[in-house]
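>>> using only what follows, build the 3D model:
(one chain, ligands or ions: 2)
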Amino acid sequence: MYNPAGVKTSPSFPIPDQMRAWILGDPDQLTLGEKPVPVPKKAEVLVRVDAVAICATDLEVIHYGSPAKIQGGLPFNKGWTPGHEYMGTVVALGPGVDEFAIGDRITVEIHAGCGQCKRCRQGMYTSCLNYGLNYGDVDKGHRANGFTTDGGFAEYAINNINTMIRVPDHMSDEEATLVVTAGTSMYGLTELGGLVAGESVVVIGPGPIGLLAVGVAKALGASPVVLTGTRDNRLEIGRQLGADHVINVRNADSAEIVRGLTKGIGADYVVECAGTKEAIDQANRMVNRGGKICLAAFPHDPVVVDVANLVRNNVYLYGIRGEGKSATHRAMAFMASRRFDATVIHTHTFALDDLPTALRYARDRVEDAIKVVVKARYGAEAREAAE
Ligand SMILES: [Zn+2]
Ligand SMILES: [Zn+2]
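Numbering: from 1, shown residues only. Ligands and ions are numbered 1, 2, ... in the order given. From the prediction side, this is the model:
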């Protein structure tokens, strides 16, 4: 039985020595195997993973490797487990931890950072200067779950206490997995200006981050909030999340329409979540003089940008990575008080054992999948409900 020295456990949550975990071999080769249940160190807890959402970045790292970084390189054939958008229950406490109790229901953000570099000290722990340095002689204690350390496609995972947020009782497991996505949208808006009440915001690209950016911008008081995209059904979900206007860019010049909606001057803030050349062009054309563009999606190839337009118009361009500056806590505050309904982007749930199917649904958008969640005890839960 699991009983490491210095670690607090409870008979209410018995922990096995071994756990089931998905392990990445070659690109796109995931196998379900067994691993020892990991042991929390100082300022860490062991989390029983109850639900984990699939993110486009999971598909990215499983296929390309980057931006995951394990032992200084690509994550293939290193016994590594991906998955970063998870929630669960605290089941063991590392030495000295009293900030959380065994049995607490929590959701997690990804990056703990190293806590000692300049960026971490500024709260920019998603841009930690010691990214991926958590092994051997260069162990700076950096953690980004599912990127530089083992992630949540497993029964248990380690988390630093700084990456955990309590989940209110009324919130479902599935909804709680979406907090980190909303936190990323929140971080983008925080970096753009933070106080966006009364400012015009355009979100380009109705993927999960774009859709929740609509909900967050609206909750922050932005007006108007405009969403652009190519799929009417996704734009309709954007309306449910509070978009004042939606524009299908297939049938219209979105920059022209945005100017029409903003007395001819363009938008104060543009959050670009599509990651295509066209979308970045549109952002450049629809932002107003002195306005700000947040780049929240990463294109695969280099993109040519009309820099002259940026310079002539004093446009600010921000790249954001992940969910820094405790943005996830602010996103949770909105979700806990139901300022927007993130559950509209959750479309499918599978058992953890069915991860390959779940990944296929997410990748190929089977049945219009947006956020697909896997649950380790999905079958057991259904059986309990039937009994
Ligand atoms: Zn993600
Ligand atoms: Zn750091």
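
>>> may I ask which helix or strand of this structure has the lowest mean pLDDT?
helix 378-386 (a mean of 65; mean pLDDT, DSSP states H and E).

>>> longest helix in this protein, by residue count?
helix 179-192 (DSSP state H).

>>> so what secondary structure elements neighbour that one?
On a contact count with 3 or more CB pairs under 8 Å, 6 or more residues apart in numbering; DSSP states H and E, helix 179-192 meets strand 85-93, strand 105-108, helix 208-219, strand 267-272, strand 287-295, strand 316-319, helix 327-336. (Each C-beta comes from the backbone N, C-alpha and C, glycine too.)

>>> so which elements touch the next helix or strand after that helix?
Remark: after helix 179-192, the chain's next helix or strand is strand 201-204, criterion DSSP states H and E. For strand 201-204, the packing partners by 3+ CB pairs under 8 Å, 6+ apart come out as helix 208-219, strand 225-229, helix 254-261, strand 267-272, helix 277-286.

>>> can you tell me the closest non-neighbouring residue to the residue in the stretch 51-200 of the chain that ligand 1 sits nearest to?
With CB to the ion, the shortest gap between the stretch 51-200 of the chain and ligand 1 falls at C55, namely 2.9 Å. Spatial nearest neighbour of C55, excluding adjacent residues (CB to CB, 6 or more residues apart in numbering): E85 at 5.4 Å.

>>> burial of C114, as a residue count?
Around C114 there are 21 other residues, counting by other CB atoms under 10 Å.

>>> next one: P11
6.

>>> same thing with S10?
Neighbours of S10 using other CB under 10 Å come to 14.

>>> go on, the one 4 residues further on?
Residues contacting P14 under the criterion other CB under 10 Å number 10.

>>> then N248?
Around N248 there are 14 residues (other CB under 10 Å).

>>> repeat for R105
Neighbour number of R105 under other CB under 10 Å is 16.

>>> give me the spatial nearest neighbour of it, chain neighbours excluded.
V167 (4.5 Å).

>>> wait, V287 touches A267, no?
Yes - using CB atoms under 8 Å, V287 is in contact with A267, at 5.7 Å.

>>> related to what we said a few turns ago, is the residue nearest to C55 bridged to anything, and to what?
E85 has the following beta-bridge partners by DSSP bridges: A53.

>>> so it is in contact with F153, correct?
No - using CB under 8 Å, E85 and F153 do not qualify as a contacting pair, with a distance of 10.5 Å.

>>> list residues touching both of the two?
V52 (CB atoms under 8 Å, 6 or more residues apart in numbering).

>>> what's the burial count for the nearest residue to F153 once chain neighbours are set aside?
Sequence neighbours aside, G83 is the residue nearest to F153 in space, at 3.6 Å (criterion: CB to CB, 6+ apart). By the measure other CB under 10 Å, the count of residues near G83 is 26.

>>> and what of G141?
G141 - counted by other CB under 10 Å - has 16 other residues nearby.

>>> sec struct for it, please.
G141 falls in the coil class when you classify it by DSSP: H, G, I helix; E, B strand; the rest coil.

>>> ok, now how distant is it from ligand 2?
9 Å (CB to the ion, to the nearest Å).

>>> contacting residues for that residue?
114-116, 134.

>>> and for C120?
113-114, 128-129.

>>> residue contacts, A336?
Residues in contact with A336 (CB under 8 Å, 6+ apart) are 168, 171.

>>> need the pLDDT of it.
Per-residue pLDDT puts A336 at 98.

>>> can you say which of the helices and strands packed on strand 201-204 is nearest to P36?
helix 208-219 (32.7 Å; CB to CB).

>>> which other residues reach that closest one?
55-56, 178, 181-182, 184-186, 188-189, 196, 201, 203-204, 206, 225, 227, 229, 234, 237-238, 241-243, 271, 273-274, 296-297, 331, 334, 339-342, 344-345, 370-371.

>>> relative to strand 85-93, how tilted is it?
90 degrees (axes from the mean of the first three to the mean of the last three CA atoms, to 10 degrees).

>>> is ligand 1 within reach of helix 208-219?
No - judged by CB under 5 Å from the ion, helix 208-219 and ligand 1 are separated, with a smallest distance of 8.1 Å.

>>> next to ligand 1, which bits of the chain? Give me the list.
Close to ligand 1, as judged by CB under 5 Å from the ion, the chain has residues 55, 57.

>>> which phi and psi does the nearest residue to L352 once chain neighbours are set aside have?
In space, and not counting its chain neighbours, L352 is closest to A376: 4.3 Å by CB to CB, 6+ apart. When read as degrees, to the nearest 10, the backbone of A376 gives phi -60, psi -30.

>>> next one: the closest residue to ligand 2 within the stretch 251-387 of the chain from K375, what distance?
Of the stretch 251-387 of the chain, the residue with the smallest distance to ligand 2, taken as CB to the ion, is G324 at 11.0 Å. Distance check for G324 against K375: by CB to CB, to the nearest Å, it reads 28 Å.
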